[in-house]
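[1] coords please:
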Amino acid sequence: MRRSLAVLFAAACAVVAMSVLAGGSSAATTTHQWRFDPTINAPWAMEGDDEELDAPDAAAGLCRSTPFNAPAGAYAGLASTEVDTIHGDATNNSGFSNFGCTTPQNETSIAVNPQNADNLVAGANDYRVCCDFTGLNDGTGWAYYSFDGGKNWSNVQLPGLTAETGATGSMKKFDSAGDPALAFSPDGVAYYANIVFSRATFVSGVVVSSSTDGGRTWSAPNLIAYVDAGNFFNDKEWIAAGPNGKVTVTWTKFYQGPKGAGYKQSPIVSANSKDYGQTWNNQGSPVSDNAHPFNQGSQVQYGPDGALYVSYEATSPLFGYTTDAMVVARSTDDGATFQTKELARVYDDFDCYPIYAGRQTLTDMHFRLNSYPSMSVDPVTGEISIAWTDQQGSGTCGTGGNSFTGTTSNQVKLIHAPWATIQSAAVTRVTTTSPDKVFPSVASRGGKIVVSYYTRDWGITSKATVCNLQTNPVPTGITPVPTARSVCMDYAAKSSTNGFSSQRRLSSQSSNPFVQFADGSFIGDYTQIAMGTNGKAHASWTDFRGNPGHTPANQDVLIANFTP
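    Residues are numbered from 1 along each chain as shown. Okay, here's the model as predicted:
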């Protein structure tokens, strides 16, 4: 989800800091816009551009033009080591800027059945269905499942998430579902969480669907959070499944002040079930503490000790709420109470990234990004691993300004340690050279850690007509840097088996993210990798080649299966 790039006023920070640290309300009276925002293009949520497929842009229709859609032969076919999970990718027949394009899928999640390491379930924002309340294709919740270790995939739409997909009751008020998150319980039940909301009204919620047959069929959605008012918005959920029918969902609850004034607070909250998601308790109970009132990007998981762990990014009180921090929380009473530890400074300040259309991006790039964590709790050792990317040491990052100078060199960072010592654990730089890395994911099992991420390392060797920004139509507001830097990206991984010393390329060819969503303004806000009991890793990401030879260039979910 997008971080706000509006100025965070010092006066507002001071008011909040004094109030929160004194144990009082976190509301500030000064007009402001906080560092974390929802990303949904809903009536009151800043009306920001986001994962709405036909978001306005001055350069329309670029997904259909050369070289972004690429002449025949620009992309080779997919390699045998990578699999496109999407079947029946239709032509988008709604809207303007993406009319006639193949429908996209992005923002990937994946889980492995602990009872059957060959059974995988993945998910994504999937825009194959029309129409939402504004008449456009929108995210409606799809699952992709495999029973042969990720070699072959089938697709199924989750029932009843939105008005256009057979919703009933209160669910009929929602016309979009997104932020997919998947988890398997130890006994093999799959859970799929989504946020649901309306493009036309104030309504938003969090829902969970379940599958007892490895992802082939799914239950009706269970609505665990619901609000129909302009003062609140439910955003960016994640899900964990534990033993004995325990399920926990965390999300960010945005409290908005008067229209246009920004957000009073954005706590991480949770709900839990003890009967396989049939009934839910403590909906909206707090996870984040009063010292961190502004948060986003939570991930949740059960440890082998039965404890519940939640990681998220927070605005830190240690520097007057002008910088961010990585935070982890732990509960030993099924989410009733949490102990919180602030782990490390996150270098994603206002002076750390170029700004395009009011959001952070990378040099020469167009898509929004974030520094939210990916977390994995080793189911064998209990060690916690948290990965993220930031800009420490690059350009003017961290010098206290309000704008960035230089070129970006975003790198992957990792903390891994048991709960008892994690607050003093060193931050490892998994990647150190050649810009840029973004949207990392981490998985761990039996002491082995694997981290996957986007990288620009191989793009410069790709075809110039596809990957060289200097020869491409340049979107309004993007000023190309006169270097040999490529805009194309690959997906890659590193593993602790060799101390993260070598990089494995998972995509067989670099591809150009300047495709779809108003010329590439959105490629999803995360990717994910998972490890099975057999030691195999399964990485999922949004690729931009489509399926060469079958569909033109567009956003598809690709999977790579490998042993770290």
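
[2] my guess is residue 315 meets residue 294, correct?
    Yes: at 4.0 Å, residue 315 counts as touching residue 294 under the criterion of CB atoms under 8 Å. Heads up, the C-betas are built off the backbone N, CA and C, glycines and all.

[3] the more surrounded of those two?
    residue 294 (27 against 24; other CB atoms under 10 Å).

[4] surely that one and residue 268 touch.
    No: when contacts are counted by CB under 8 Å, residue 294 is not listed as touching residue 268 (10.4 Å).

[5] in the stretch 201-350 of the chain, where is pLDDT below threshold?
    257-262 (pLDDT under 70).

[6] apply 50 and report the result again.
    The stretch 201-350 of the chain contains no residues with pLDDT under 50.

[7] and for the chain?
    If you take pLDDT under 50 as the line, the chain has these spans: 1-34, 47-48, 58-60, 66-67, 463, 481-482.

[8] show me the strands in the stretch 301-450 of the chain, by range?
    Counting by DSSP state E, counting those that start in this stretch, the stretch 301-450 of the chain has strands at residues 308-315, 324-331, 339-346, 355-356, 359-360, 374-377, 384-390, 411-417, 428-429, 437-445, 448-455.

[9] closest one to residue 122 among those strands?
    Checking the strands of the stretch 301-450 of the chain against residue 122 by CB to CB gives strand 437-445 as the closest, at 12.6 Å.

[10] helices or strands up against that closest one?
    Counting contacts by 3 or more CB pairs under 8 Å, 6 or more residues apart in numbering; DSSP states H and E, strand 437-445 packs against strand 374-377, strand 384-390, strand 411-417, strand 448-455, strand 528-531, strand 537-543.

[11] so which of the ones you listed gets nearest residue 404?
    strand 384-390 (12.7 Å).

[12] tilt between that closest one and strand 411-417?
    Put simply, strand 384-390 runs at 160 degrees to strand 411-417, going by axes from the mean of the first three to the mean of the last three CA atoms, to 10 degrees.

[13] okay, strand 384-390 in CSV with CA atoms only?
    The C-alpha coordinates for strand 384-390 follow below in CSV (Å, rounded to 0.1, in the frame of the first residue of the first chain):
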residue,chain,number,x,y,z
ILE,A,384,11.6,-14.7,13.1
SER,A,385,12.7,-13.4,9.8
ILE,A,386,11.6,-9.9,8.6
ALA,A,387,12.6,-8.5,5.2
TRP,A,388,12.1,-5.0,3.6
THR,A,389,13.7,-2.6,1.2
ASP,A,390,14.8,1.0,1.8
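
[14] okay, now the sheet partners of it, with direction.
    strand 374-377 (antiparallel), strand 411-417 (antiparallel) (DSSP bridges).

[15] most tightly packed of those strands?
    strand 374-377 (a mean of 26; mean count of other CB atoms under 10 Å).

[16] contacts for it?
    By CB atoms under 8 Å, 6 or more residues apart in numbering, the list of residues contacting strand 374-377 from outside reads 299, 301-304, 309, 311, 328, 383-388, 440-444, 449, 526, 528.

[17] may I see the buried residues of stretch 445-454?
    By neighbour count on 16 or more other CB atoms under 10 Å, the buried set for stretch 445-454 is 445, 448-454.

[18] how about the residue nearest to residue 105 when sequence neighbours are not counted, what does it touch?
    In this structure, residue 105 finds its nearest non-sequential neighbour in residue 124, 4.4 Å apart by CB to CB, 6 or more residues apart in numbering. Going by CB under 8 Å, 6+ apart, residue 124 touches 105-109, 142, 144, 180, 524, 542, 557.

[19] kindly report the same for residue 175.
    132-133, 138, 162-164, 198-200.

[20] distance check, it against residue 284.
    As for residue 175, its distance to residue 284 is 23 Å (criterion: CB to CB, to the nearest Å).

[21] likewise for residue 388?
    Distance of residue 388 to residue 284, computed by CB to CB: 26 Å.

[22] same question, residue 268
    With CB to CB as the criterion, residue 268 and residue 284 are 11 Å apart.

[23] thinking again about what came up before, so can I have a markdown table of the helices and strands packed on strand 437-445 showing distance to residue 278?
    Formatted as a markdown table, the helices and strands packed on strand 437-445 follow (distance: least, CB to CB, whole Å):
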| stretch | distance to residue 278 |
| --- | --- |
| strand 374-377 | 25 |
| strand 384-390 | 30 |
| strand 411-417 | 35 |
| strand 448-455 | 34 |
| strand 528-531 | 25 |
| strand 537-543 | 28 |
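
[24] right, and these - which one's nearest residue 153?
    Among these, strand 537-543 sits nearest to residue 153 (CB to CB), with 10.7 Å.

[25] strands paired with that closest one, and their directions?
    With DSSP bridges as the test, strand 537-543 pairs up with strand 528-531 (antiparallel), strand 556-562 (antiparallel).

[26] what angle do that strand and strand 437-445 make?
    Using the same axes, to 10 degrees: strand 537-543 against strand 437-445 is 160 degrees.

[27] now the angle from strand 537-543 to strand 448-455?
    10 degrees.

[28] the residue lying closest to residue 284 once chain neighbours are set aside: what secondary structure?
    Computed as CB to CB, 6+ apart, the closest residue to residue 284 that is not its neighbour in sequence is residue 269, at 4.7 Å. With DSSP: H, G, I helix; E, B strand; the rest coil as the basis, residue 269 sits in strand.

[29] got the contact list for residue 269?
    By CB under 8 Å, 6+ apart, the neighbours of residue 269 are 250-253, 284-287.

[30] kindly recompute the last result at 6 Å.
    253, 284, 286 (CB atoms under 6 Å, 6 or more residues apart in numbering).

[31] what kind of secondary structure is residue 534 in?
    Three-state call for residue 534 (three-state DSSP): coil.

[32] helix, strand or coil for the spatially closest residue to it that is not a sequence neighbour?
    Ranked by CB to CB, 6+ apart and with sequence neighbours excluded, the top spatial neighbour of residue 534 is residue 117, at 4.1 Å. What three-state DSSP gives for residue 117 is strand.

[33] run a quick neighbour tally on residue 117.
    Residue 117, neighbours per other CB under 10 Å, totals 16.

[34] cool, and the one 4 residues further on?
    Residue 121 is flanked by 27 other residues according to other CB under 10 Å.

[35] may I have the phi/psi pair for residue 398?
    Backbone torsions for residue 398, taken as degrees, to the nearest 10, come to phi 90, psi 10.

[36] when you give positions from now on, start the count at 34
    Okay, residue one is now 34; in that scheme the one you just asked about reads as residue 431.

[37] what sits against it?
    Residue 431 neighbours (CB under 6 Å, 6+ apart): residue 380.
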